[in-house]
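*Asks:* 3D, please:
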Amino acid sequence: MRDALLRAAVGCSFVLCIGQRLTAHADPVDPPIHAGAQPAPPVHAGEPELRQELDGRRSIRGCSVDERCARPGDLLREFEAEAFQPPGQSPWIDDRTPPASRLEPGAPKPLVKRPSELRPDAPWLDELELPDLPVKWSQTLVDYLVFYKNDPRGRGIMESWLVAQGRYRDMIVGHLRKAHLPEDLLYVAMIESGYDPSDSSSAGALGVWQFMPEGGRIYGLREDRWVDERRDPLRSTIAQMDYFADLHQRFADWHIALAAFNMGYGAMLRSIARYNTNDYYRLCEYENAIPWETCLYTPKIIAAAIVGHNRALYGFDKLKVLPAEAWEEVVIPISSSLAAIARIANVSEADLKRLNPQLRHGRTPPGEGSYLVRVPAGAKAETLRRIVELESDWKNYDAYVIAHGERFEDVATTFGISVAQLRKLNDVSREAEIEGGTVLVVPRISEDQRTKNRAKAKANLMSSGVDQKPGELLLVPVPDKAAVVPGKQRVFYRVVAGDTLAGVAKALAVKPADLAQWNALDLDGNLQAKMVLLAWVAPGFDAAKHAVNLLDETQLLVVTRGSPEHMDLAEARTGRARTEYVAQGKEKLADIAKKFGMGSHDLARINRISYDTVLSKGQTIIVYQVVDPNRSKRADEQWKKTPRARRGKLTGTRAARTASTNVPEDDAADPGPDAAPDDGADAAPESGGPAPPTTSDTGASGGGPVTSPAQVR
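*Replies:* Sure thing, here's the model as predicted:
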């Protein structure tokens, strides 16, 4: 009884203590909590409010906290994914409804006479002023119109587009009128780029009208390193007028013509032929007829045009649009930087870049005179008055066409400047941007100096091989040095950054497949700088005429790839000699490697066997011994790891074989002038003579030295 009372007292005291602690630590605004039954559930404190630095969050987000940090195009795609889900993408599956046929469409989505039939909750749709493009009321079109009016994302997108439209509206509409085309094709540029000349797509489309490279070439838009007229709002608009006219001539209906502009006219023609109908809306109902995005494209443009005609209804009539771009044109007589032109025009360089977005690297093309540059309206007179001053900007420079196979660093050497200076002068971020035929800006130097510098550049090129020292021939391994192609001339081409197999083949006037075969290359792989390609070209091939920089074969040492000659020469240039080691008993590869300052993985790679191989007595492998530690860093490191007793002592016989496979017979067994002296040619093995190999602990079998992985497993 007493124990029970004691436990009860302790329990009460514990509860009282807990109650007191809870009361003591409760939030001051909360009521005290007592032990026992509660009249109501405890009231928990609300989510704490943090005093945040909104400016800091803006820096992190890239926009205000209450804004969506996304481009208009991204927000539009977000809406489209929600509202117009591609077929088969719904996460909901209704087992009671059989799947629709994937071969024949069901009833087409209705086209109605009045848009309110599709959205009875939006009677204002029937009051809209229509554009000069034909309108067919579809559910997609109506959904876009409601999106631009009621969805904050849609309103933000359209507002930004209408503001930007001011820059080029008058110019585009003027050309549409001149071409007798619907003026509301203006809104194609809105959907394509938001009127941004610098806008680009992952597919390679560029500019206000998003011309692809091929389309730009067809319609006369220049595209090279210095100029890309797809970015030029004026010239691309002129080209686009012809493109629109051609598409309408072909299809005669703007709905399908605009769709063809989006998906490609060839693909549209194939779809029409395949499904035997030219009805755009019907084609959107068939499997594999028109891309999902293209089925949204035409209604999206028409919706934008309708909004443009009804700005007051949409609440966009008070927008302050960007002012129209106004410029005057000035002929620049010599290649000049925009900075220099801005100086004489007394305007900012940023203004010139905005008016001339087609100039890719901040200057008019090198080597070209009479290039037309746009200057802000009112600046032409001052520019012409001071245009003679531009001579000082160019008088110390020349234009230079780089040859195929000519290294960027060789051009720098030829003209007496550093690679960094040449890159800055030409606005080059990566040397792979430069290909044969590219025009570069270079310092103007005398012809004598250029000749001396070019000789230096050539010497640098010919001594830039792997582990090559000045005065040595450039080592060039080929599949078979004795191969001959009747009626053809053998030439050698040094690969530079950015080269492609197709590009080199074109420069040499040969087929890419042939070039790959002659050099045992993978057609799909990338070429890498410092590779030397062998080609068989037509007799009398004129390298200068083809602007190709070929190597002087008298300065080359051509060997069969992977042959003993090749391997001896390559290792001699690192300060090492290839010798054969004969196992004195069962020996681990790691133990043998230590004798020569190597690792087991080194020997495994050289002999193409496993690193944990155990050799049996009499088996031979190839080892690399250091003969000149000063020749390379690799030889020096191996020398330091070699036991002192073995340093400078070449043991074993020179390796007359190779671990390579599929190597043609090498007529030139002589290792060549660079090979290390065969000091150990007559030396005996460390103990005993070579004996037929026996099976190693790892399962090696068969006679002869270890020459392939199949012999040691």
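*Asks:* what's the distance between the spatially most central residue of the chain and residue 210?
*Replies:* Closest to where the C-alpha atoms of the chain average out (CA atoms, centre = their mean) is residue 202, at 9.8 Å. Relative to residue 210, residue 202 is positioned 12 Å away (CB to CB, to the nearest Å). Every residue, glycine included, has its C-beta placed from N, CA and C.
*Asks:* what sits in contact with each of those two?
*Replies:* Counting by CB atoms under 8 Å, 6 or more residues apart in numbering, residue 202 and residue 210 have no common neighbour.
*Asks:* in stretch 325-344, what's buried?
*Replies:* Across stretch 325-344, burial judged by 16 or more other CB atoms under 10 Å covers 325, 327-328, 330, 332, 334-338, 340-344.
*Asks:* Go through the residues you listed and say which is closest to residue 511.
*Replies:* Lowest distance from residue 511 to those (CB to CB) belongs to residue 335, with 37.0 Å.
*Asks:* where's the spatially closest residue to that closest one that is not a sequence neighbour, which helix or strand?
*Replies:* The shortest distance from residue 335 to any residue other than its chain neighbours is 4.7 Å, reached at residue 366 (CB to CB, 6 or more residues apart in numbering). Taking DSSP states H and E as the definition, one finds residue 366 inside no helix or strand.
*Asks:* List the residues that contact residue 366.
*Replies:* So residue 366 contacts 226, 335, 397, 399, 400, 439, 440, 441 (CB under 8 Å, 6+ apart).
*Asks:* cool, residue 327 as well?
*Replies:* By CB under 8 Å, 6+ apart, the contact list for residue 327 reads 355, 374, 375, 376, 377.
*Asks:* By neighbour count, which of the residues you listed wins?
*Replies:* Using other CB atoms under 10 Å as the neighbour test, those are led by residue 375, with 26 neighbours.
*Asks:* neighbouring strands for the host helix or strand of it, and are they parallel or not?
*Replies:* Residue 375 is part of strand 371-376 when elements are defined by DSSP H and E. Partners of strand 371-376 in the sheet, by DSSP bridges, are strand 327-332 (antiparallel).
*Asks:* re earlier: tell me the SS of the residue nearest to the centre of the chain?
*Replies:* Three-state call for residue 202 (DSSP: H, G, I helix; E, B strand; the rest coil): coil.
*Asks:* Residue 663 contacts residue 559, correct?
*Replies:* No - judged on CB atoms under 8 Å, residue 663 makes no contact with residue 559 at a distance of 10.6 Å.
*Asks:* Look at those two and report which has more neighbours.
*Replies:* Just comparing residue 663 and residue 559: by other CB under 10 Å the higher neighbour count belongs to residue 559, 23 against 16.
*Asks:* Shouldn't that one be within a helix?
*Replies:* No - Residue 559 sits outside any helix when classified using three-state DSSP, being strand.
*Asks:* and it, what does it touch?
*Replies:* Applying CB under 8 Å, 6+ apart, we find residue 559 in contact with 475, 476, 477, 478, 481, 565, 566, 569, 668, 672.
*Asks:* quick one: which of those sit in helices?
*Replies:* 565, 566, 569 (DSSP state H).
*Asks:* So how do I select the buried members of those residues in ChimeraX?
*Replies:* In ChimeraX, a selection of the buried entries from these looks like this (16+ other CB under 10 Å):
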select :565,566,569
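*Asks:* Generate JSON lines for the ones in helices among the contacts of residue 559, with pLDDT as supplementary columns.
*Replies:* Conversion of the ones in helices among the contacts of residue 559 to JSON lines gives the following (pLDDT from 0 to 100):
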{"residue": "565", "pLDDT": "92"}
{"residue": "566", "pLDDT": "93"}
{"residue": "569", "pLDDT": "93"}
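*Asks:* Can you add distance to residue 607 and give the ones in helices among the contacts of residue 559 back as CSV?
*Replies:* Output for the ones in helices among the contacts of residue 559, formatted as CSV (distance: CB to CB, whole Å):
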residue, distance to residue 607
565, 18
566, 16
569, 19
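*Asks:* Among the ones in helices among the contacts of residue 559, which one lies nearest to residue 256?
*Replies:* Using CB to CB, the ones in helices among the contacts of residue 559 come closest to residue 256 at residue 566, 62.6 Å.
*Asks:* ok, and what's touching the host helix or strand of residue 191?
*Replies:* Taking DSSP H and E as the definition, residue 191 sits inside helix 186-193. Contact partners of helix 186-193, identified using CB under 8 Å, 6+ apart, comprise 131, 161, 165, 168-169, 172-173, 176, 195, 199, 205, 207-210, 258, 261, 297, 300-301, 304-305, 308.
*Asks:* Just the buried residues of these.
*Replies:* Among the contacts of helix 186-193, those buried by neighbour count (16+ other CB under 10 Å) are 131, 161, 165, 168-169, 172, 176, 195, 199, 205, 207-210, 258, 261, 297, 300-301, 304-305, 308.
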